[in-house]
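A.B. asks: requesting a structural model of the entry that follows:
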Amino acid sequence: IFKRLQNSMIEEIAINSKFFLIQMENDTDEAIKKLFEFIKENKDSKFWGSAQYLLGYKLFEKGNFQQALIHLKKAEESNLDAETFEKLHYLLAETYYQLDKQELAEKYLESYLQKSANQKFRDQAIFKRALQAYEQKDFLVAINKFIQLENFPNSDKLAVGYFYLGEIYLLQSKNDLAKKYYSKAEKSGFDRNFINLRLAKIAFRDHDFDLAESILKNIPEEEKYLYDAKMLKGNLLAEQKKYSEALINFVSAENFASNNEESEAAISQKAWCLYQLQRFDEASQLYQQLSSETADAKDYILKAANAAFSAEKYQKAIELFERFKANFANDENLEQVQISIADSYYNLGNYQLALENYKLLFTISENREIIKNALAGIRWCTELLGSADLQQELDNLLAMHLSNETDSMILKEKINYLFQNNKWENVIESYQQISALQSLEHNYDASMQAAISLAKIGDLDGAREIFSKLEEIKMTADLYYNWAVLELDAKQKIKAM
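C.D. replies: So this is what the prediction gives:
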């Protein structure tokens, strides 16, 4: 009938009939072609806006989201009936979502939820909003939206919503709540094997390895379950320190990964197993791969560098540590990275560069252990270089006027060096400097060396005064031995005894 009416002499009947015919067209490509013609030829038609909407919808079906958006926005600016306008807002949200424009997608979803009267797509819109929140890790919003799906008991999204609630609570380690919603998901028709995989994961987290193992045995060998099953099996074996067997499962899991996130997790576990097996070079290569392929480059670069260091691939370790420094200059691991660079140069026998890198630590760290290791590194490098002067290097550091704690540690190193080289007057001078920074109880060894140095230059009373103060703090064999030697040298045999 419409085919006859599209040739009507009455223009309105002809135009309306053409539009209804287009709506009934089953061939999407043909419908798109006719809609373009209709829009071009009938700009004043009351169906012009509806035609733009329908064209946008057809282009969306074809996956041409950018072109669909153009026509949907034109439809939005036209006079549409209320029902089509609601559907338009829902479709705009879907289109923006496909174009990865989250804020605009959320805007149109909220608009649809607030204005929809017939609620035809309401459960779909709520689910979509919940899923967006979940992907953005906005779990409070996600929980609220997923729970709203309970208002639609016949929705095909309800079981999936329950499953995602279980996932959220599992991420938050709220295992009882996770179990509750996984159970609801199963009762609402969600795949029982996926639920069992999650229950096995909870058992693993609770260290109930036997239960996790028994659940895994009942998971069918179907591709859709194998990623989760192999990852969990690998973790169970790794927990038992069976790293070779665990590695086999993680390799298998990678083959069944359905997205980049799953692939990353499997490769990361592979690298970890290789590291535990002391196959450091292979572990480093995998971590390097992950650092270039994933958003979380920082941790993987550091793991790759540490693995290269353990594999004694020091030049590669330096490259990776330097890459980390260049990209994450304010990271909390920077001190450890810097000392690893210095240690790598030292292990390569490049003592000059090792020395320069050990000295750099004093500009970025006040950590006691780091400074202690850096001072040891400077001492080793100057000894091996021969041309370097430890005293001069330490004086250069002191000239930087670092913190009292750091300066005291440098002075202790300097005093020890001077003492070993019989530079008694220099020991006493440095001891006076450290005494101005820290109390004697914090400089026990340096004070002992100063007392012995005073005795060596003949200032016996000065030495006795320090020995007496040290005795009040702590009585040690070294203290009494050195004091006895002083009295013996002074011909005071009774005191020495």
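
A.B. asks: make it CA atoms for all contacts and neighbour counts henceforth
C.D. replies: Will do.

A.B. asks: give me the residues contacting stretch 270-279.
C.D. replies: For stretch 270-279, the surrounding residues in contact (C-alpha atoms under 8 Å, 6 or more residues apart in numbering) are 238, 243-244, 246-247, 250-251, 280, 282-284, 286-287, 307, 311.

A.B. asks: now it: buried residues?
C.D. replies: K270, A271, W272, C273, L274, Y275, Q276, R279 (16 or more other C-alpha atoms under 10 Å).

A.B. asks: now for this protein, the helix or strand with the poorest mean pLDDT.
C.D. replies: Every helix and strand in the chain was compared by mean pLDDT, DSSP states H and E; the lowest is helix 11-23, with a mean of 61.

A.B. asks: following that helix in sequence, what is the next regular element?
C.D. replies: Following helix 11-23 in sequence order, the next helix or strand is helix 28-41 (DSSP states H and E).

A.B. asks: which helices and strands does the very next helix or strand once past that following helix pack with?
C.D. replies: Downstream of helix 28-41, the next assigned helix or strand under DSSP H and E is helix 48-61. Applying 3 or more C-alpha pairs under 8 Å, 6 or more residues apart in numbering; DSSP states H and E, one finds that helix 48-61 contacts helix 28-41, helix 65-76, helix 82-98.

A.B. asks: who wins on neighbours among the contacts of stretch 270-279?
C.D. replies: S284 (31 neighbours; other C-alpha atoms under 10 Å).

A.B. asks: what strand or helix carries the spatially closest residue to it that is not a sequence neighbour?
C.D. replies: In space, and not counting its chain neighbours, S284 is closest to A304: 4.2 Å by C-alpha to C-alpha, 6 or more residues apart in numbering. Here A304 is covered by helix 297-310, with elements defined by DSSP H and E.

A.B. asks: and if you look at I267?
C.D. replies: Applying DSSP H and E, one finds I267 within helix 260-276.

A.B. asks: where does that helix sit relative to the chain's centre, distance-wise?
C.D. replies: Distance of helix 260-276 from its chain centroid, counting by C-alpha atoms, centre = their mean, to the nearest Å, is 14 Å.

A.B. asks: after that helix, which helix or strand is next?
C.D. replies: Using DSSP H and E, the first helix or strand after helix 260-276 is helix 280-293.

A.B. asks: that following helix packs against which elements?
C.D. replies: With contacts taken as 3+ C-alpha pairs under 8 Å, 6+ apart, helix 280-293 sits against helix 260-276, helix 297-310.

A.B. asks: quick check: mean pLDDT of it?
C.D. replies: Averaging pLDDT along helix 280-293 yields 91.

A.B. asks: then stretch 91-102?
C.D. replies: With pLDDT averaged residue by residue, stretch 91-102 scores 82.

A.B. asks: got the contact list for it?
C.D. replies: Stretch 91-102 is contacted from outside by 57, 60, 65-66, 68-69, 72, 104-109, 132, using C-alpha under 8 Å, 6+ apart.

A.B. asks: tell me the most buried of the helices and strands packed on helix 48-61?
C.D. replies: Comparing those on average neighbours per residue, with mean count of other C-alpha atoms under 10 Å, the densest one is helix 82-98 at a mean of 21.

A.B. asks: show the contacting residues for E150.
C.D. replies: Neighbour list for E150: L158 [criterion: C-alpha under 8 Å, 6+ apart].

A.B. asks: and I415, how far from N175?
C.D. replies: Distance of I415 to N175, computed by C-alpha to C-alpha, to the nearest Å: 58 Å.

A.B. asks: which of these two has more residues huddled nearby?
C.D. replies: More crowded of I415 and N175, by other C-alpha under 10 Å: I415, with 27 against 18.
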